[in-house]
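**Student:** Please find the sequence and the predicted model below.
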Amino acid sequence: MIEFRSVTKEFPDGTLAVDDFSLTIPSHRTTVLVGSSGSGKTTLLRMINRMVDPTGGTIEIDGVSVASLEPVKLRRSIGYVMQNSGLLPHRTVVDNVATVPLLRGVRRKKARADALDLLDTVGLDRAIADRYPSQLSGGQQQRVGVARGLAVDPNILLMDEPFGAVDPIVRAELQQELIRLQHELGKTVVFVTHDIDEAFLLGDQIAILREGGRIAQLGTPAEILAHPADDFVASFIGADRGKRALHVESQDGSDVLVDADGRPAGVLVGRRSGTGPSDPSGSSDLSSRARSDAALDVTAEGLPL
Amino acid sequence: MTWLWSNLDLVWLRTLDHIVLSLPPIVLSFVMALPLGWLANRYRPARGAILSIAGLFYAIPSLPLLLMLPVIIGTSLRSPANLIAALTLYGLALMVRVVADGLASVDPDVRQSATAVGFSAWSRFWLVELPLAGPVLLAGVRVVTVSTVSLATVGAVIGAKSLGSLFTDGFQRGIQVEIITGIVATVLLALVLDGAVVFLGRVLMPWTRRTRRIRPESIATLSRMTAVRGTA
């Protein structure tokens, strides 16, 4: 569990990046900090591994204040994945993945063997192990970045817009891969993004941030969709534009989901057509999904993003 | 030409002397430039001062410097050590700026990511920043190598034997072939050592040799994207 208690960060130039921020991040769940630039989300993330030290308040990991821990040692125990992968360009893929275990004194042979296993875990071919990062595609680089983040089997994985720089199709693949991994590994993931769709897709808990790290709303995707706290949240998640307000229209015997502007967003599956939404026996995919984000369900139906 | 054929062993000896005089300054100036260049890059206010002072050394004429050094550091005027010290100073004048620029050329994202995964400042310098500054450092070492080999000939004037001794001797005795041999051999030695430095760079920095290959995944992505476009 990671706990932010009244955390404040004022930079030397007087900018107040984060003002009195408190949040509890539960273990083995994915918490997404989502907000536009200037919301302090990356600053908050970096406070967890002491890349940034707060000017006020405390951050605790399982009850231990991070300020009492030695930064280098702390960082070696926390996985970190960043945008543009942040791989070391002068080291091969396998050496990049083995970086942190080697820093922690794991024997070279074992570190490399473990690194090869991790390539399997993140869905990479071992054939690329001896390539340099510049010889990989953006999507492959991000996967290597994730493998490196997992290399010391950390309890906590910090992800700073890790899929921000890849094209939409690769991003969707990487997101699915992360969901699969998280299902298997159950890490405490803190994920920063400005993409609300990504937040709804990946987050068990979502904190929508306004400027200065003020939490506009905290909740599960379903809670936020069902009851946006205010106009800011409604606008941020697209509810005010009708993007999230879908209704069913019948089209040639199929149920088509249509947004508030009348634009088709997908089709309703998991129920025979003609069964009304109020029918108690027909539980649709839409309502039964734990991550009940209709817009995301319909993308799986093959409509372009 | 008969002079050359009958004095090949002398040319070879002077070449060895020349190497013995040139290599230490090349290595020493590189090693000594590391902390100074690091300082200049790390502390911005110090940068201007360090680089200007280092650069100024290059402006000192070589003969006065060779005369001054014995007074300052106690070397004997005619010893190889005196010449090596002077050449090191010249190399340093070039290398400090190169090291500062090389370290500044390291991608800040890579530096930050190295910190984020748990490199200490010390390990980050040796394992990340220095290797990544490598291509710039290599370019600098090449200049210092060629410049040092050329400057080492001045040792002949104070009596430190080198290929330069062939000019002075040839000049005094009016043997033109000896003068030309000295010049050509100096240039050849500079080229050979430069080649050795380039080779060393390729061995130490294998990642700079590999060029980007065609990316299979991006091609697959492209074809999938066009497929989606086609059906949408």
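**Tutor:** In hand now; what should we look at?
**Student:** helix, strand or coil for the residue nearest to the spatial centre of chain A?
**Tutor:** With distances taken as CA atoms, centre = their mean, chain A has residue A:191 as the residue nearest its mean C-alpha position (3.8 Å). Per DSSP: H, G, I helix; E, B strand; the rest coil, the local secondary structure of residue A:191 is strand.
**Student:** That one contacts residue A:159, correct?
**Tutor:** Yes: contact criterion CB atoms under 8 Å: residue A:191 and residue A:159 qualify, at 4.6 Å. Placement of C-beta: from N, CA and C, glycine included.
**Student:** any idea of the mean pLDDT in the helix or strand harbouring residue A:42?
**Tutor:** Counting by DSSP states H and E, the element that carries residue A:42 is helix A:41-48. For helix A:41-48, mean pLDDT rounds to 95.
**Student:** which element follows it toward the C-terminus?
**Tutor:** Using DSSP H and E, the helix or strand that follows helix A:41-48 towards the C-terminus is strand A:56-61.
**Student:** contact partners of that following strand?
**Tutor:** With CB atoms under 8 Å, 6 or more residues apart in numbering or on different chains as the test, strand A:56-61 has contacts from A:1-10, A:20-22, A:47-48, A:65-67, A:156.
**Student:** from the residues you listed, which would you call buried?
**Tutor:** By neighbour count, with 16 or more other CB atoms under 10 Å in any protein chain shown, the contacts of strand A:56-61 hold A:2-5, A:7-9, A:21, A:47-48, A:66, A:156 as buried.
**Student:** Pull the most distant pair out of those.
**Tutor:** Pairwise distances among the buried ones among the contacts of strand A:56-61 were taken by CB to CB; the largest, 22.1 Å, belongs to A:8 and A:156.
**Student:** secondary structure class for the single nearest residue of chain B relative to chain A?
**Tutor:** Nearest to chain A in chain B, going by CB to the nearest CB, is residue B:113, at a distance of 2.8 Å. The assignment at residue B:113 comes out as helix when based on three-state DSSP.
**Student:** Look at the spatially closest residue to it that is not a sequence neighbour and say how many residues are nearby.
**Tutor:** Spatial nearest neighbour of residue B:113, chain neighbours left out: residue A:86 (2.8 Å); criterion: CB to CB, 6 or more residues apart in numbering or on different chains. By the criterion of other CB atoms under 10 Å in any protein chain shown, residue A:86 has 26 neighbours.
**Student:** Doesn't residue A:86 lie inside a strand?
**Tutor:** No: counting by three-state DSSP, residue A:86 is not part of a strand but coil.
**Student:** now the strands: where do they sit in the stretch 151-300 of chain A?
**Tutor:** A:156-160, A:188-193, A:205-210, A:214-219, A:247-251, A:254-258, A:264-267 (DSSP state E, counting those that start in this stretch).
**Student:** can I get those in CSV with mean pLDDT and distance to residue A:225?
**Tutor:** Converted to CSV, these look like this (pLDDT from 0 to 100; distance: least, CB to CB, whole Å):
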stretch, mean pLDDT, distance to residue A:225
strand A:156-160, 96, 22
strand A:188-193, 96, 17
strand A:205-210, 95, 10
strand A:214-219, 94, 9
strand A:247-251, 84, 15
strand A:254-258, 85, 14
strand A:264-267, 82, 14
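**Student:** mind checking which of those strands is nearest residue B:62?
**Tutor:** The closest of the strands of the stretch 151-300 of chain A to residue B:62 is strand A:156-160. By CB to CB, the value is 53.7 Å.
**Student:** From the rest of the structure, what touches that closest one?
**Tutor:** Contact partners of strand A:156-160, identified using CB under 8 Å, 6+ apart, comprise A:2, A:42, A:45-46, A:48-49, A:61, A:77-83, A:149-150, A:187-192.
**Student:** Quick one: distance of that strand to the chain centre.
**Tutor:** Per CA atoms, centre = their mean, to the nearest Å, the displacement of strand A:156-160 from the mean C-alpha position of its chain is 8 Å.
**Student:** related to what we said a few turns ago, among the buried ones among the contacts of strand A:56-61, pick out the one closest to residue A:242, please.
**Tutor:** residue A:21 (31.7 Å).
**Student:** hey, which helix is longest across chain B?
**Tutor:** Taking DSSP state H as the criterion, chain B has its longest helix at helix B:8-42.
**Student:** Low-confidence ranges, chain B, go.
**Tutor:** Scanning chain B for pLDDT under 70 picks out the ranges B:210-232.
**Student:** Wait, residue A:49 touches residue A:75, no?
**Tutor:** Yes: using CB under 8 Å, residue A:49 is in contact with residue A:75, at 4.8 Å.
**Student:** so what sits against both of those two?
**Tutor:** When contacts are counted by CB under 8 Å, 6+ apart, residue A:49 and residue A:75 have residue B:116 as shared neighbours.
**Student:** ok so, going back, okay, buried residues for the helix or strand following the longest helix of chain B please.
**Tutor:** Next in sequence after helix B:8-42, counting helices and strands by DSSP H and E, comes helix B:44-57. By 16+ other CB under 10 Å, the buried positions in helix B:44-57 come out as B:47, B:50-51, B:54, B:57.
**Student:** Stretch B:88-108 now?
**Tutor:** Result for stretch B:88-108 [16+ other CB under 10 Å]: buried residues B:88-103, B:106.
**Student:** can you check stretch A:226-243 too?
**Tutor:** Per 16+ other CB under 10 Å, stretch A:226-243 contains these buried residues: A:228, A:233-234, A:236-240, A:243.
**Student:** which two in these are spaced the farthest apart?
**Tutor:** A:233 and A:243 (13.3 Å).
**Student:** was I right about residue A:166 contacting residue A:142?
**Tutor:** Yes: Residue A:166 is within contact range of residue A:142, at 6.1 Å (criterion: CB under 8 Å).
**Student:** okay, and the common contacts of those two?
**Tutor:** Counting by CB under 8 Å, 6+ apart, the common neighbours of residue A:166 and residue A:142 are residue A:174.
**Student:** Look at the two and report which has more neighbours.
**Tutor:** Taking other CB under 10 Å, residue A:166 and residue A:142 do not tie; residue A:142 has more neighbours (29 against 23).
**Student:** Hmm, residue A:173 and that one touching each other?
**Tutor:** No: counting by CB under 8 Å, residue A:142 sits too far from residue A:173 to count as a contact (9.9 Å).
**Student:** so what pLDDT did whichever residue of chain A sits closest to chain B get?
**Tutor:** Residue nearest to chain B within chain A: residue A:86 (2.8 Å; CB to the nearest CB). Note for residue A:86: predicted pLDDT of 87.
**Student:** roughly how far apart are it and residue B:161?
**Tutor:** Noted for residue A:86: a distance of 53 Å to residue B:161, by CB to CB, to the nearest Å.
**Student:** Residue A:42 now?
**Tutor:** Taking CB to CB, one finds residue A:42 at 63 Å from residue B:161.
**Student:** What parts of chain A come near chain B?
**Tutor:** Applying CB under 8 Å from any CB of the partner chain, we find that chain A lies next to chain B at A:46, A:49, A:51, A:72-73, A:75-77, A:80, A:82, A:84, A:86-91, A:99-100, A:103-104, A:131-132, A:134-140, A:148, A:167, A:169-170, A:303-304.
**Student:** Write a PyMOL command that selects only the buried members of those residues.
**Tutor:** A single PyMOL command selects the buried members of those (16+ other CB under 10 Å):
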select buried, chain A and resi 46+49+51+72+75+76+77+80+82+84+86+87+88+89+90+91+99+100+103+131+132+135+136+137+138+139+140+148+169+170
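**Student:** from the residues of chain A next to chain B, which ones fall inside helices?
**Tutor:** Of the residues of chain A next to chain B, the ones assigned to helices by DSSP H are A:46, A:72-73, A:75-76, A:99-100, A:103, A:138-140, A:148, A:169-170.
**Student:** which two in these are spaced the farthest apart?
**Tutor:** Maximum pairwise distance in these, criterion CB to CB, is 39.1 Å, between A:73 and A:169.
**Student:** tell me the centre residue of chain B?
**Tutor:** By CA atoms, centre = their mean, chain B has its centre lying nearest to residue B:141, at 1.6 Å.
**Student:** Next, that residue: secondary structure please.
**Tutor:** Recorded secondary structure, residue B:141: helix (three-state DSSP).
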